[in-house]
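Novice: build me a structure from this.
(one chain, ligands or ions: 1)
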Amino acid sequence: MGNALKIARIGGIDVQVHWSFVLILFYGAYIFSQGARNVVAGAIYGVVVILLLFVCVVLHEFGHAFTAKYFGVNVPYITLLPIGGLAQLERMPRKPGQEFLIAIAGPAVNFVLALLLLPLALLAISLSARTGAASFSYFGLMRAAQSMSLTGLLLTLASMNLTLGLFNLLPAFPMDGGRILRALLALRLRYVRATRIAVLVGRGMAILFVIWGIFGGIWGILGGGISGALFLLIAFFVYVGGRGELEAVEGRYILNDFSARQAVNKDAHVLYTSEPISRAVDYIMTTYQGDFPVYDLGHNLVGVLTRPRLVATLRGQGQDGRIVDVMIPRAQVPATSADTPLADVWEKMMAAGSRVIIVQDEERFLGLITLDDISELIQVMGAAKEREDTIAGGPGGRSDSSVAEAHSIADIN
Ligand SMILES: [Zn+2]
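Specialist: Numbering: from 1, shown residues only. Next comes the predicted model:
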């Protein structure tokens, strides 16, 4: 989140706001100034309502974050976006029971808030009912909720928390409800299968969101076009996020069967520090290889030259210079032991943001593994494994307890 501004640090978690959050403040100001007797007062009231609403969203995120921390999962930050909050979990716990509790903790916070706010709102109404400013009839309550007053604010916040809690429980993986569904399924099914089902249900929900977004927008329900656009955004998030997590879970499921040793590039071409850059260009043109180990003259690994690094170099300085000037030094490249499961190797590469990893046996360099190698392996072995699973039949086994993916909990509110 490069475009986010840190506003607080609570319980070791940074709270940051994405710049686009400002848009939703303008939206609030616009909505509440419509039909207000005093347009400026309406706009200010709107901003206050939105800010308080997002305080509730932050509390919801802290529900996730503190539950995750309880299970030993680090949560570096919470981000606020116009469509809701996002608690960045470093990983999702391996146990479905823990994922269930982490996911449900967010909506639970909103229900508790609604329960706390509602009596206060009722108290405020009964106080103003004495002066005749409000009543407990349906229209009286509607009028009170829409009024720019403490009563209106309390009623608005109570109903918004109720809506937030319920909306997030919809089974639209990777929203909270979808995670709850996956966790429940994973109690009985293999993790990868539970995820597939949850993602499928989530796609169905995304389609409903699209329909609602388009027709709700046309009919002008809930503020018209803008909330319609919001629903389309949410549908997009659910679709893309679901696909990403499914790929990660399926990838891990396949990679778990292999060790780094089995995937290492054995017959790779190597480059030497003293060679010209054109040598690497030559190899890329005439072989399938894109990433190279770099040796010094004593035949020790001293760095790596990746294709993106080479491309950037060619753009900047052309083919002048030697390999030693453009390689990534060994110390900056992640490394792993040969017996590490490939699923963990993949995770390590993702965490380091590196497209290559050095595989070593004790101190001996065995070779490189690249992201291309991993996606190739997932593709090829995935096809084989799918066939095995079909033949084996049935849900088979319990949840794959070694699954953990890079993960975030996002809420759309
Ligand atoms: Zn949530």
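
Novice: residues near whichever residue of the chain sits closest to the ion, how many?
Specialist: Nearest residue of the chain to the ion: Gly106, at 3.0 Å (Cβ to the ion). Placement of C-beta: from N, CA and C, glycine included. Gly106 has 29 neighbours, counted by other Cβ atoms under 10 Å.

Novice: repeat that for Gly290.
Specialist: 18.

Novice: ditto for Gln319
Specialist: Count around Gln319 with other Cβ under 10 Å applied: 13.

Novice: part of a helix, is it?
Specialist: No. The assignment for Gln319 (DSSP: H, G, I helix; E, B strand; the rest coil) gives coil, which keeps it out of a helix.

Novice: which residues touch it?
Specialist: The contact partners of Gln319, taken as Cβ atoms under 8 Å, 6 or more residues apart in numbering, are Pro276, Ile277, Ser278, Val281.

Novice: one step back: how much space between the residue of the chain closest to the ion and Arg307?
Specialist: 41 Å (Cβ to Cβ, to the nearest Å).

Novice: show me the protein divided up by domain.
Specialist: 1-169, 260-376 (automatic domain parsing).

Novice: worst average pLDDT in these?
Specialist: When the domains of the chain are ranked by mean pLDDT, domain 1-169 comes last with a mean of 85.

Novice: any idea which element the closest residue to Asn265 other than its chain neighbours lies in?
Specialist: Spatial nearest neighbour of Asn265, chain neighbours left out: Gly367 (4.7 Å); criterion: Cβ to Cβ, 6 or more residues apart in numbering. Assigned by DSSP states H and E, Gly367 belongs to strand 364-370.

Novice: strands along the stretch 1-150 of the chain, start to end?
Specialist: Counting by DSSP state E, counting those that start in this stretch, the stretch 1-150 of the chain has strands at residues 4-10, 13-18, 77-81, 84-88.

Novice: turn these into TSV, including mean neighbour count and distance to Phe62.
Specialist: Listed next are these as TSV, based on neighbours: other Cβ atoms under 10 Å; distance: least, Cβ to Cβ, whole Å:
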stretch	mean neighbour count	distance to Phe62
strand 4-10	13	7
strand 13-18	19	7
strand 77-81	22	7
strand 84-88	24	8
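
Novice: can I get those strands in a markdown table including distance to Tyr239?
Specialist: Output for the strands of the stretch 1-150 of the chain, formatted as a markdown table (distance: least, Cβ to Cβ, whole Å):
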| stretch | distance to Tyr239 |
| --- | --- |
| strand 4-10 | 23 |
| strand 13-18 | 20 |
| strand 77-81 | 17 |
| strand 84-88 | 16 |
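
Novice: where along the stretch 301-413 of the chain do the strands fall?
Specialist: In the stretch 301-413 of the chain, the segments counted as strands under DSSP E, counting those that start in this stretch are 301-305, 328-329, 335-337, 356-361, 364-370, 409-410.

Novice: let me know which of these is tucked in deepest.
Specialist: Of all those, strand 409-410 has the most neighbours on average by mean count of other Cβ atoms under 10 Å, namely a mean of 25.

Novice: tell me the average confidence for the helix or strand containing Val199?
Specialist: According to DSSP H and E, Val199 maps onto helix 191-219. Per-residue pLDDT over helix 191-219 has a mean of 88.

Novice: can you name every helix or strand that it contacts?
Specialist: helix 176-188, helix 225-255 (3 or more Cβ pairs under 8 Å, 6 or more residues apart in numbering; DSSP states H and E).

Novice: so which of the ones you listed comes closest to Met381?
Specialist: Met381 lies closest, by Cβ to Cβ, to one member of the helices and strands packed on helix 191-219: helix 225-255, at 5.2 Å.

Novice: buried residues in the closest one?
Specialist: 227-228, 230-235, 237-239, 241-242, 245-246, 248-255 (16 or more other Cβ atoms under 10 Å).

Novice: repeat for stretch 151-168
Specialist: With burial defined by 16+ other Cβ under 10 Å, the residues of stretch 151-168 counted as buried are 151-158, 160-162, 164-165, 167-168.
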